[in-house]
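Undergrad: no sequence on this one, just coordinates:
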C-alpha cells in the first residue's frame, strides 16, 4: 500500500525531491487568466498594444473581455486548469522529467515520472477553494479522494486513471486558496498555493453529505502547516479504507467488470 510519503531514492542521489520541486515551482506561479475572451468588439481595427497591460486595457475597453465565472466550482476549475498547465510547462524544462495531464474526471490531475524524480510514478492533484469571510478557513471542505472507487480498491485500475492507486510512489496535492473579489474580472485575489502529501491535510470527515468524498481540514493555518487529523499515513489509510462508503450502481458495475477481468 502506498503511504503517500515520497522517499528520496538512495540509488539516484542526483534526483530531485518532487515535493520540494513542486513547492519551489508553485512559489513562482501567477494566475494570469484575467477574463473570458469575446470575439466581437467595439473599436477600430487594427488594435495595437505595447505590452500585456495595455493589451488587457484595450481589449476591455473594446468589449472583448467578460468576467470569469463567479460560481465557486466553475472558477475553481479555471484555476485548477491554469495550475496544471503551469506545472506541465515547468516540468518540460527539467531534463529527465516526464509529466502528463490526467482526464477531466479521473485521478490524478498530473502524473509525474522519469529519472529526474527518481523514477517511479507520482500522482499530483490540484484543488482550489475560496477563503471564508473570516479568512481563517476555506468556505467549503476540499475533496482529496473519491473514497468508494480507486481509493477503496487501490489495486484496480478504474476508468479515468492511468494506473491503479497503489502504483504511485507518492500522492501530492497542490491546494490553491484565494479570496473572491467581485470587483475584479478574474474574481481572484490573494492567491496562495500550498503543497503537501494528501494524507497530511486530511480530516476524518467527508467533503460532501451526498457523495463519497474524503475531505481535508478546513483551517487555512492547518493546511499551511500540513496539520491534518492523522498522525501518520498508516493511520489515515486505515481509517478511510475501513469507512463505510456507499457503493453506487455505477461504481458497482465498473467494479464487477474489473474483478471479472482479473479472473
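TA: Received, thanks. All of these numbers come straight from a predicted model, not from anything done at the bench.

Undergrad: what is the rounded mean pLDDT of the longest helix out of those in the chain?
TA: For the chain, the helix with the greatest residue count under DSSP state H is helix 72-92. Mean pLDDT, helix 72-92: 96.

Undergrad: quick one: that helix to chain centroid distance?
TA: Mean C-alpha position of helix 72-92 versus that of the full chain (Cα atoms, centre = their mean, to the nearest Å) differs by 8 Å.

Undergrad: One more: stretch 134-153?
TA: Distance, centroid of stretch 134-153 to centroid of chain: 11 Å (Cα atoms, centre = their mean).

Undergrad: so what does the longest helix of the chain touch, helix or strand wise?
TA: Here helix 72-92 touches helix 18-26, strand 98-101, strand 110-113, strand 121-130, strand 168-180, strand 188-197, going by 3 or more Cβ pairs under 8 Å, 6 or more residues apart in numbering; DSSP states H and E. Every C-beta, even on glycine, is put in place using the N, C-alpha and C of the backbone.

Undergrad: ok and that helix relative to helix 18-26, angle-wise?
TA: Angle of helix 72-92 versus helix 18-26, following axes from the mean of the first three to the mean of the last three Cα atoms, to 10 degrees, is 110 degrees.

Undergrad: check contacts around the closest residue in space to residue 194 that isn't next to it in sequence.
TA: Counting by Cβ to Cβ, 6 or more residues apart in numbering, residue 175 is the residue found nearest to residue 194 once chain neighbours are left out, at 4.4 Å. Residues in contact with residue 175, defined by Cβ atoms under 8 Å, 6 or more residues apart in numbering, are 127-129, 142, 193-196, 201, 216, 223.

Undergrad: hmm, 7 Å instead?
TA: By Cβ atoms under 7 Å, 6 or more residues apart in numbering, the contact set of residue 175 is 127, 142, 194, 223.

Undergrad: re the thing from before, how big is the angle separating the longest helix of the chain from strand 121-130?
TA: On the basis of the same axes, to 10 degrees, helix 72-92 is oriented at 140 degrees to strand 121-130.

Undergrad: residues in contact with helix 72-92?
TA: In this structure, residues lying in contact with helix 72-92 by Cβ under 7 Å, 6+ apart are 25, 29, 31, 33, 68-69, 97, 99, 101, 109-110, 112, 124, 126, 128, 130, 174, 176, 187-188.

Undergrad: Give the buried residues for it.
TA: Neighbour-count burial for helix 72-92, counted by 16 or more other Cβ atoms under 10 Å, picks out 75-76, 78-84, 86-87, 90-91.

Undergrad: Same list, these, but as CSV with distance to residue 256 please.
TA: Formatted as CSV, the buried residues of helix 72-92 follow (distance: Cβ to Cβ, whole Å):
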residue, distance to residue 256
75, 37
76, 33
78, 36
79, 36
80, 31
81, 33
82, 38
83, 36
84, 32
86, 39
87, 35
90, 41
91, 37
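
Undergrad: wait, which of these is closest to residue 138?
TA: The shortest approach to residue 138 among the buried residues of helix 72-92 belongs to residue 76, at 10.9 Å (Cβ to Cβ).

Undergrad: Quick check: that closest one vs residue 103, distance?
TA: Using Cβ to Cβ, to the nearest Å, residue 76 is found at 17 Å from residue 103.

Undergrad: Just give me the residue right at the centre of the protein.
TA: Nearest to the mean C-alpha position of the chain, by Cα atoms, centre = their mean, lies residue 126 at 0.7 Å.

Undergrad: what's near enough to touch that residue?
TA: By Cβ under 7 Å, 6+ apart, the contact set of residue 126 is 80, 83-84, 109, 174, 176.

Undergrad: Show the contacting residues for residue 117.
TA: For residue 117, the contacting residues are 15-16, 18, 97, by Cβ under 7 Å, 6+ apart.
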